[in-house]
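Colleague: here is a sequence with its predicted model. Questions after.
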Amino acid sequence: MDSAIKIVHTMPSFIQKNLQHDTAQLSATLALDTSTARIEVQCLLQHALQVSRAYLIAHPEYVLSDTEQTQYSSMLQRRLHGEPLAYILGGREFFGLNFQVNSATLIPRADTELLVEKALQIIPKNTASNLSESIYSVLDLGTGSGAIALSIAHHRPHIQVVACDFSADALQVARENARHLNLNNIIFTHSDWYAALGNQHFDLIVSNPPYIAADDPHLQMGDLRFEPYTALAAGADGLQDIRQIIAGAHAHLKPQGQLWLEHGYNQAASVREILQQAGLHNIYSERDLAGIERISGATLGATFGAMR
């Protein structure tokens, strides 16, 4: 893309003028539909002015100060060059919670909420009934911003969650998110998958690992161009890290423990085969709202539900 994109506003610059001019420019430059482009411009204006969307609607004639216009124009310039809106704003909502994100982490996506929903279905809602019962434990491998782990920890405060990532920068973001959410039932571990976990065992392991083939052209398109490559690509077929996670599950699952993984839209059958070859049981996949098999899981040992 031409690095000399120009944003020109004649003075004075007011909310309605920015909305009209920049919605059209963003739509044309990034091939966005008009409604999406308008929402993005509104988000940038809200961030620059520190106001609500309702304020933008109620005060279309508000004239931006020089400082506000400079900040807004800088953010718009970044967006026009394709940088994801979440990185520009520094955050993204996921499962009803607000998460800080930056270029060290993947941007949480709505598809991944299915994995959290599944985890919450599995995890008991009540705490242990007596001191002899162990605390239910969950491991999130490749936690990134912590979106999965922290969403689970938030909704099940009586359990213990361990969140791992090999990226120290990503773990720092996750720790900040835990602090902002005031969560104290989570432990962060710097680990390349299971490497630093020793002899720890878990009732449930979840992961949204890299699952895109290394030569997939989508890696050079859209938001993926700006997200960490190592959190996206996983070998020639995109299944390299999934194989490693499944292979290590036996050593870190408690009896009857479960493993659930997010994967690509066309990988469910392959993931089920890998789970079967690893000797896990009751293997099945669940579909997202679009009808796509988005997550697959299995258990170690006794059954956890009907085969599907």
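Modeller: Right, received. Where do you want to start? Numbering: from 1, shown residues only.
Colleague: tell me the phi and psi of L219?
Modeller: Backbone geometry at L219, expressed as degrees, to the nearest 10, gives phi -60, psi -20.
Colleague: which residue ranges of this protein form helices?
Modeller: With helices called from DSSP state H, the chain shows them at 15-30, 34-49, 53-58, 66-80, 85-89, 113-122, 147-155, 168-180, 240-249, 268-277.
Colleague: tell me which of the ones you listed sits most buried.
Modeller: Neighbour counts (mean count of other C-beta atoms under 10 Å) averaged over each of the helices of the chain peak at helix 147-155, with a mean of 25. Quick note: C-beta positions are derived from backbone N, CA and C, even for glycine.
Colleague: now it against helix 113-122, angle please.
Modeller: If you take axes from the mean of the first three to the mean of the last three C-alpha atoms, to 10 degrees, helix 147-155 sits at 40 degrees to helix 113-122.
Colleague: which strands and helices lie in contact with helix 147-155?
Modeller: Secondary-structure packing of helix 147-155 (3 or more C-beta pairs under 8 Å, 6 or more residues apart in numbering; DSSP states H and E): strand 97-100, helix 113-122, strand 137-141, strand 160-165, helix 168-180, strand 186-190.
Colleague: which one of those lies closest to A147?
Modeller: For those, proximity to A147 was assessed by C-beta to C-beta; strand 97-100 is nearest, at 5.3 Å.
Colleague: ok, and what's touching the closest one?
Modeller: For strand 97-100, contacts defined as C-beta atoms under 8 Å, 6 or more residues apart in numbering pick out 90-93, 108, 145-147, 150-151, 154, 173, 176-177, 180-181.
Colleague: got it, and stretch 78-88?
Modeller: Stretch 78-88 has contacts (C-beta under 8 Å, 6+ apart) with 1, 3, 5, 7, 25-26, 29-30, 40, 43-44, 47, 75, 92, 101-103, 107, 222-223, 225-227.
Colleague: so H155 versus W260, what's the distance?
Modeller: Between H155 and W260 the distance is 16 Å, computed by C-beta to C-beta, to the nearest Å.
Colleague: which of the contacts of strand 97-100 sit farthest apart?
Modeller: Comparing every pair within the contacts of strand 97-100 by C-beta to C-beta identifies G90 and H154 as the most remote, at 20.0 Å.
Colleague: give me the helices and strands touching the lengthiest strand in the chain, please.
Modeller: For the chain, the strand with the greatest residue count under DSSP state E is strand 253-262. In terms of contacts (3+ C-beta pairs under 8 Å, 6+ apart), strand 253-262 is packed against helix 113-122, strand 202-207, helix 240-249, strand 293-299.
Colleague: make a markdown table from these and add distance to A268 and mean pLDDT to it.
Modeller: Output for those, formatted as a markdown table (distance: least, C-beta to C-beta, whole Å; pLDDT from 0 to 100):
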| stretch | distance to A268 | mean pLDDT |
| --- | --- | --- |
| helix 113-122 | 12 | 98 |
| strand 202-207 | 15 | 98 |
| helix 240-249 | 11 | 97 |
| strand 293-299 | 4 | 98 |
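Colleague: and the ones you listed: which comes nearest S134?
Modeller: Of the helices and strands packed on strand 253-262, nearest to S134 by C-beta to C-beta is strand 202-207, at 8.6 Å.
Colleague: residue closest to the middle of this structure?
Modeller: Taking C-alpha atoms, centre = their mean as the criterion, P108 is the residue nearest the geometric centre of the chain, at 2.2 Å.
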